[in-house]
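> here you go, sequence then predicted model.
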Amino acid sequence: MRKAVISQKVSQKESQQPKKKSLNTSQSALFKQVCVIGLGLIGASLAQAIKDNGLSQRLVAVDRDAPSIEEAIQHGLLDAGSSVLSDVVHGSDLIVIAVPVQAVQSVFIDIKAAMDNGQIGTDCIITDVCSTKVNIIDAANVVFGSSPTGLVPAHPIAGAENSGYHARRATLFANHSVIICELPTTSLVAIDKLRRLWEAVGASVMAMDAEHHDSILAHTSHLPHLLAFNLVEQLASHDDNLDMFRYAAGGFRDFSRIAASDPKMWHDIFFANESAIISALDEYGVYLQTMRQLIIDKDSTALMGLLGRAQAARRHFGHMLASTPYTDTSAMSASYNITPSNTVSGTITIPGDKSISHRSIMLGSLATGVTHVTGFLEGEDALATLQAFRDMGVTIEGPDKGKLTIHGVGMNGLKPSKTPLYMGNSGTSMRLLSGILAAQSFDSVLTGDTSLNKRPMERVAAPLRAMGAVIQSTGHSGTAPLSITGRDTVGKPLQGAEYDMPVASAQVKSCLLLAGLWAEGTTTVIQPEVSRDHTERMLSAFGYPVTVEGNSISVTGGGQLTGGDIAVPADISSAAFFMVAAAISQGSELTLTQVGINPTRTGIIDILKLMQADITLSNETHVGGEPVADITIRSSNLVGIDIPEHLVPLAIDEFPVLFIAASCATGRTVLTGAKELRVKESDRIAVMAEGLHTLGIDCTVTDDGLIIEGKGISADTTIQNGEVNNSQPVFGGGHITSHHDHRIAMSFAVASLRAAEQITIEGVETVNTSFPGFAELANQIGMSIQVEGADH
């Protein structure tokens, strides 16, 4: 082999050229000299990132391709380079091996020789960038006798279509993961310095056992590459291959793109990770054979279930890993910029009821037979529930414009999810599913996004334990994630119990009633005040007996649910924003069609009527066991009131927008008995008070409520013939932080109808949890909301 030793020489002309300054000085460099062995895409990109970020005082490289070494020195990337390690390695305190996996053992031999002759110390850090790890460790043990204390196997999960020195990018590793294998023989200093290096070039570092790494990569990287190479080879072998490639659609191009990768590299990887790849291939073959048989059998339901679960899982894992919403919010810093307007009018349809949408998925999945759902709310919260049941083996078709088809698996047909069940931001999903899962034979874990994982879960966990559930919450505050032990491990079913609720809560009540469906004996929940009864109504609609005696609700375990048709009415909680909008604005008349008016949900109507709002109901009927009506609201001279505590549970979600109404009323409004508001998506009492103060409203926070001094019609204003005068601004303008609470964001959007200046609301991306399309619908009736930070 021709030996090439090249050092950096700068001519007089070159010395006059301005040099690119590194981001750090040599005093802050992590290493004295880094030696990169192999200037392919990964090695050269890492070298460039080290250079650009000033992470080493000197940078040298080894590569068989002399032109690459020469160019790297001419570009100022390297201080020296050679085709032989011993020529440049002297004094290196980090060696990065970036060669094909089957060449690593020979590199280790050269490194050991350098250690033996004193060119580098025995504490020199040695790492690699190969996509297999067990064979790297085995090779080190063969050469060194045991793993050196400086050996830190690593694998950056990054790449590009093009390879080689010229394809290098210093930003290749930014926002990508790097896996490091922390061996018991490796010094903590070496692990720490390598972690800091990768983090300095923009990567996220995670530790993983070598065997687990190879198994994971066999499934997620090696197997897809193998299949892509094989598919291209299969098509190229056909007699009519020209037509096949000529008419190949985008799916083929996307799938087969990775077959353009370096064959030698993948040849080595396939042999190096033989055991894990063969295992992954065998498992893939089983799944492929299953799909083949479904097509032969024309098993439409099973095939649709497989395809639907795969599609949803592809989308779901992306959201779960990033803790992002299910619907497209485009940016987690979305905001509303709202120009004041003073009137709304028209006839509109509100999206489906979120509470009923959740329960339709749950009971439809547990029923025998097929359940057809219309009006389903395609918001993030309900989609989290839908995905959870897909993860537990339920075939669900849709949603498609609010339509779902659920193929129920029966009371004992759920299967354990292979991953934690991700609830996004949905407290309803987590609390109700806790009751269902506490009764299942298998173990489960429930988790959510950052916000949900801060919310209290002991309010359901504690009474479930009283029924015999084994459920573990997190931390001293008893938050999610929740770990639930299956009944097969516990050894006996749940036991029916009587629970006297300290605070009325539909979520806690529903959780216990759902758990009671599998319990031995009768489960009774006694509530201090009436709370929404959608669970009881829907259980009855699915044929399950429910006994209601005043505020006492009971179910007896051992029954069955029967699938059927569920029509989800419009959500009165979502309608509330437009009800208040029409009531506080000038010359407004707005009709909301077919809104659910379940008597356990109409607190918003009752409270607004007590405040003398002009509200009428018409076209009253029943849809799917739920009462519905058209609601018409006109401009009103609202008055402040002491809100009756018995109405609080019936309007618990609507209080943020009721606070806006109270601000526009004449006189004082006092809310008490509403501690529940402090444990919603945010502390809604504190957050609303903060926003109201920003907009110039005088309000006082109490332990269980809020006192608001309304700025409606002043005492010296004369009103004749019942004339409504909502023309004067009540709110100033300003910048509102919603704390990523959807109802806070929409409530302050409504306030713009009586604002003197523009209102900006930050953190509105979560509006999609309950009301996708809110801004568009609001603009349709006369408001002026501009959404920033999203694709609009």
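Right, received. Where do you want to start?
> all strands for the stretch 501-650 of the chain, in order.
Remark: strands assigned in the stretch 501-650 of the chain by DSSP state E, counting those that start in this stretch are 522-526, 547-549, 552-556, 565-567, 589-596, 614-623, 626-634.
> same list (the ones you listed) but as JSON lines, adding mean neighbour count, distance to Gln119 and mean pLDDT.
Placement of C-beta: from N, CA and C, glycine included. Putting these into JSON lines (neighbours: other CB atoms under 10 Å; distance: least, CB to CB, whole Å; pLDDT from 0 to 100) gives the following:
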{"stretch": "strand 522-526", "mean neighbour count": "20", "distance to Gln119": "75", "mean pLDDT": "98"}
{"stretch": "strand 547-549", "mean neighbour count": "11", "distance to Gln119": "84", "mean pLDDT": "96"}
{"stretch": "strand 552-556", "mean neighbour count": "20", "distance to Gln119": "77", "mean pLDDT": "97"}
{"stretch": "strand 565-567", "mean neighbour count": "19", "distance to Gln119": "75", "mean pLDDT": "93"}
{"stretch": "strand 589-596", "mean neighbour count": "21", "distance to Gln119": "78", "mean pLDDT": "96"}
{"stretch": "strand 614-623", "mean neighbour count": "13", "distance to Gln119": "82", "mean pLDDT": "93"}
{"stretch": "strand 626-634", "mean neighbour count": "21", "distance to Gln119": "80", "mean pLDDT": "95"}
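> how about a markdown table for those strands, with distance to Thr672 added?
Converted to a markdown table, these look like this (distance: least, CB to CB, whole Å):
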| stretch | distance to Thr672 |
| --- | --- |
| strand 522-526 | 22 |
| strand 547-549 | 27 |
| strand 552-556 | 25 |
| strand 565-567 | 37 |
| strand 589-596 | 27 |
| strand 614-623 | 24 |
| strand 626-634 | 26 |
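> Ala583 is nearest to which of these?
Smallest distance to Ala583 across those (CB to CB): 5.6 Å, for strand 626-634.
> contacts for the closest one next, please.
Strand 626-634 has contacts (CB atoms under 8 Å, 6 or more residues apart in numbering) with 353, 356, 534, 537, 569-570, 575, 578-579, 582-583, 588-599, 605, 613-622, 724.
> at 6 Å what do you get?
Strand 626-634 is contacted from outside by 569, 579, 582-583, 589-598, 614-621, using CB atoms under 6 Å, 6 or more residues apart in numbering.
> quick one: it to strand 589-596, angle?
170 degrees (axes from the mean of the first three to the mean of the last three CA atoms, to 10 degrees).
> now do strand 626-634 against strand 614-623, angle only.
Counting by the same axes, to 10 degrees, strand 626-634 lies at 160 degrees to strand 614-623.
> what pairs with strand 626-634, and is each one parallel or antiparallel?
Paired with strand 626-634 in the same sheet, following DSSP bridges, are strand 589-596 (antiparallel), strand 614-623 (antiparallel).
> identify the residues contacting Met115.
Residues near Met115 by CB under 6 Å, 6+ apart: Thr122.
> I'd like the distance between it and Thr149.
Using CB to CB, to the nearest Å, one gets 11 Å for the distance from Met115 to Thr149.
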